[in-house]
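*Asks:* Quick one, structure for this:
(chains A and B)
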There are 2 protein chains.
Amino acid sequence: MSTSGTNHRNETQIAADQALPSIVITREFDAPPERVFRAYTEPDLVIQWLGPRRLTMWIDRYDAHSGGSYRYVHREDDGTEYGFHGVFHEVRPDERIVQTFSYEGFPDGVSLETAVFEDLGGRTRVTTTSLMDSFEARDAMIASGMGRGVREGHERLDELLRSREMEA
Amino acid sequence: MSTSGTNHRNETQIAADQALPSIVITREFDAPPERVFRAYTEPDLVIQWLGPRRLTMWIDRYDAHSGGSYRYVHREDDGTEYGFHGVFHEVRPDERIVQTFSYEGFPDGVSLETAVFEDLGGRTRVTTTSLMDSFEARDAMIASGMGRGVREGHERLDELLRSREMEA
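*Replies:* Below is the predicted model of the structure:
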């Protein structure tokens, strides 16, 4: 496994689907699927990378199993909190996670998120599709500047995957 | 409450959305939201109406609470079984149910279903929106003849709502 910095292959790509109200996020990581999957499902690992650096994350519950549920809070330095929750429809080890997602500031909004983990031979491509219930909601999500937080989260995940904690 | 047969107001309407890969099902019932909601969430009631008459329903689990999960099986006389499962993202009493839905014959397919219960003054309009992840999946669902089973289920629900078991 390379211990160098993130290379150019590992750029986060964020695309709005033309036909569907969805956002497709693609990212490659320099670690095998089993390791990336752990970072997506074990709460003590998730808390170390999910979201932008400036926010502190607090996990209420994170039961990443088929039929489980989750809730977490991102907190600004000034105390402002953003809560998120949902349920895991399917967690298929090292391959696939399907979950619902709501931002508690807009409780009637809900999206269906599917993350697929592809083995690139010691490396992993994660493709996450967030399907929303309207094009307006999808476009508002993109306009909110979510891209920066997603990219920063992925960079933090690169760091976590290189850390001693994640070594087998 | 009228004890007459289903009147013309209570026709099941099934529409394919133009812009989204969703199916919108609208139906009115001659009972208040609290009663219709019970019939949608209590497993011993759900089992009496969900699906076409020719199938026998068997419930594995039906925990209709936010964060709960469900699984049930519809069985043909010849023993053929159709399994369905998902999770409840939100169950808001008498108002709203948001759940995921998968047919086990096509385990990678998943839809997000939102049922909204509107109080029409002693009567109830239920609008169910099933959002799928592609137009192909949506069109295949409609082509499968799901409409007949949905209509028959609603007629069975009319009967249940008129029964002694459901009287307050």
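
*Asks:* What residue, apart from its backbone neighbours, is nearest residue A:56 spatially?
*Replies:* Among residues not flanking residue A:56 along the chain, residue A:75 sits closest, at 4.6 Å (C-beta to C-beta, 6 or more residues apart in numbering or on different chains). To be clear about C-beta, it is placed using only N, CA and C from the backbone, and glycine gets the same treatment.

*Asks:* and that neighbour, how many neighbours does it have?
*Replies:* Neighbour count of residue A:75, defined by other C-beta atoms under 10 Å in any protein chain shown: 15.

*Asks:* for the element among helices and strands of chain A having the smallest mean pLDDT, packing partners?
*Replies:* Across the helices and strands of chain A, mean pLDDT, DSSP states H and E gives its lowest value to helix A:135-143, namely a mean of 93. In terms of contacts (3 or more C-beta pairs under 8 Å, 6 or more residues apart in numbering or on different chains; DSSP states H and E), helix A:135-143 is packed against strand A:13-16, strand A:22-29.

*Asks:* Please identify the most buried of those strands.
*Replies:* Stretch with highest mean neighbour count among the helices and strands packed on helix A:135-143: strand A:22-29 (a mean of 20; mean count of other C-beta atoms under 10 Å in any protein chain shown).

*Asks:* Which residue, neighbours along the chain excluded, lies closest to residue A:21?
*Replies:* Distances taken as C-beta to C-beta, 6+ apart place residue A:138 nearest to residue A:21, at 4.2 Å, with adjacent residues excluded.

*Asks:* I'd say the one you found and residue A:19 touch.
*Replies:* No. In this structure, residue A:138 is not within contact of residue A:19 by C-beta atoms under 8 Å, at 11.7 Å.

*Asks:* Compare neighbour counts for those two and give me the winner.
*Replies:* Counted by other C-beta under 10 Å, residue A:138 and residue A:19 do not tie: residue A:138 has more neighbours, with 20 against 10.

*Asks:* The longest strand along chain A and chain B, any residue contact?
*Replies:* Ordering each strand of chain A by length in residues (DSSP state E) puts strand A:81-92 first. Yes. For strand A:81-92 and chain B, the contact criterion (C-beta under 8 Å from any C-beta of the partner chain) is met by A:86-90.
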